[in-house]
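Colleague: Attaching a predicted model along with its sequence, questions to come.
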Amino acid sequence: MEKLMQFVWQHGFGIKPGMTTVDGRRLTVVSQGRLNTDAGPDFFNATVVIDGQTWVGNVEIHVKASDWYRHHHDTDPAYESVILHVVQENDAQIRRKDGSVIPQTILKCTPQAAQRCNRLLLDAANSLPCKATIAATPQIYRTDWLTALAMERLYRKSERILQLVKDTAGHWEGAAYITLARGLGFGLNSEPFELLAKSMPLQFLNKHADELLSVEALLFGQADLIPSPDASETSYVTRLRQEYAFMANKFQLRQPHPAWKMSRTRPQNFPHRRIALLAELIHRGFYIVGRICDSNSPEELRKIFNLELQGFWSTHFTFNNNAPACRATALSRDSLDTLLINVAIPLMHARHMTLQDFRGMEHSVELLQSLTAENNSITRLFAGAGLRCTDAFTSQAIIELRREYCEKSKCIYCRFGHRMLSAEIARP
């Protein structure tokens, strides 16, 4: 209820002429203030007029007035600047430390409206309660919100990369290596891949890059994927195990034991060939940041990752010799484009951000707009509401909407959710 009251106050739905404080003084709300998402009062820099006197300060919102004391605001100096206490139920008088009374007003949200809104918020994580709202929203508003969402997602990915650059002491290739490893997890195994990459830094692998077997042994060994000895195993597996045992002993390596997800997954989606691709890229010389930033088209970007695997992995999905045969090409066209969306373009955007190259940042957006839209359960769900993806820029916006708003029940902060909840609050 308190979140709903914040929403109502923030957008002025309950602010009407003729408002009064609980002790009968005339109240005019000039400005509701700015929502505070951190510790402290709920709204900063509000302006209200009480019986002709203007007050500028903060606003706190509670369901019950007595929550002020239950939350110990009476002993917190941060709340001394509160000029108005907005409540649903006036069950206590609120005072500052000096004994002065804090003005209080009642903001009514009917139980029926609260129940409807809470139901919609709870349903948002599993379904799409705003489907009708989206369908009825004018196209110009849809486009504006989707553009903001796509840019929000791209900037968030870029900031993550910049943090990796910082964590690797400014080593862009090292940050790119971790970003690529995570991307090769394709969602299902992103966390294990990132854990693997961080346990086996690029700078260490580069020292052994001239021997592909050594790089593969280090990656598969740290991934805890080298199988136990078996009489029917190939000589490649035996050599791989021996090489990793030697390296692990020599360099005192600590195996992170990533929790790989492979149940109900097709062999081509297992991590093995993707690790082999990572090893192949390192063996050939891992210098991809410059190549990415110099690329002018999706086709040039695809060439960076579109490699044929050598030896054992040119014909195997896993270490199991009974698995179906495969092609030497490591990734399908759809998988390559997924890497462009989640790895190459964010790397390009992040790099141009640090250089303050706005044309380069625009180019990364244009590349997203030139790629085919992703086809998954999320984009199909929103297609049913009339949000059809025309390109990867739009599909990224829809994924951001689902992941960061729907699944986190943050309808209050979504423009579609705002329209939906506003309609629910207005209902009798």
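Modeller: Ah, there it is.
Colleague: Just the strands from the stretch 51-200 of the chain, written as ranges.
Modeller: Using DSSP state E, counting those that start in this stretch, the strands of the stretch 51-200 of the chain run over residues 53-64, 82-89, 104-106.
Colleague: In its sheet, which strands sit next to the last one, and in what direction?
Modeller: Strand 104-106 has the following sheet partners, assigned by DSSP bridges: strand 82-89 (parallel).
Colleague: relative to strand 53-64, how tilted is the partner strand?
Modeller: In terms of direction (axes from the mean of the first three to the mean of the last three Cα atoms, to 10 degrees), strand 82-89 departs from strand 53-64 by 40 degrees.
Colleague: Tell me the buried residues in strand 82-89?
Modeller: Buried residues in strand 82-89, defined by neighbour count with 16 or more other Cβ atoms under 10 Å: 82, 83, 84, 85, 86, 87, 88. Glycine gets a C-beta too; all of them are placed from N, C-alpha and C.
Colleague: got the contact list for the last one?
Modeller: In this case it means residue 88. When contacts are counted by Cβ atoms under 8 Å, 6 or more residues apart in numbering, residue 88 touches 1, 5, 62, 63, 64, 106, 107, 108, 109.
Colleague: The third one: how many residues sit nearby?
Modeller: Meaning residue 62. Using other Cβ atoms under 10 Å, residue 62 has 23 other residues around it.
Colleague: Repeat that for the fifth one.
Modeller: The local packing of residue 64 (other Cβ under 10 Å) involves 16 other residues.
Colleague: quick one, what contacts the closest residue in space to it that isn't next to it in sequence?
Modeller: Closest residue in space to residue 64, ignoring its immediate chain neighbours: residue 89 at 4.7 Å, by Cβ to Cβ, 6 or more residues apart in numbering. By Cβ under 8 Å, 6+ apart, the contact set of residue 89 is 63, 64, 65, 106.
Colleague: thinking again about what came up before, can you name the two of the buried residues of strand 82-89 that sit furthest apart?
Modeller: Pairwise distances across the buried residues of strand 82-89 peak at 19.0 Å for 83 and 88 (criterion: Cβ to Cβ).
Colleague: the helices in the stretch 301-428 of the chain, which residues?
Modeller: Ranges of helices within the stretch 301-428 of the chain are 333-339, 345-355, 358-370, 377-383, 392-401, 415-426, based on DSSP state H, counting those that start in this stretch.
Colleague: swap in the stretch 51-200 of the chain?
Modeller: 67-70, 111-124, 131-136, 139-167, 172-184, 190-199.
Colleague: Contacts for stretch 222-231, please.
Modeller: By Cβ under 8 Å, 6+ apart, stretch 222-231 touches 192, 196, 199-200, 217, 220, 233, 237-238, 240-241, 244, 253, 255-258, 260, 271-272, 275, 319.
Colleague: Tell me the buried residues in that stretch?
Modeller: For stretch 222-231, a neighbour-count test (16+ other Cβ under 10 Å) marks 222, 223, 225, 226 as buried.
Colleague: Using JSON lines, lay out those together with pLDDT, secondary structure and distance to residue 22.
Modeller: Putting those into JSON lines (pLDDT from 0 to 100; DSSP: H, G, I helix; E, B strand; the rest coil; distance: Cβ to Cβ, whole Å) gives the following:
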{"residue": "222", "pLDDT": "97", "secondary structure": "helix", "distance to residue 22": "65"}
{"residue": "223", "pLDDT": "97", "secondary structure": "coil", "distance to residue 22": "64"}
{"residue": "225", "pLDDT": "96", "secondary structure": "coil", "distance to residue 22": "67"}
{"residue": "226", "pLDDT": "96", "secondary structure": "coil", "distance to residue 22": "71"}
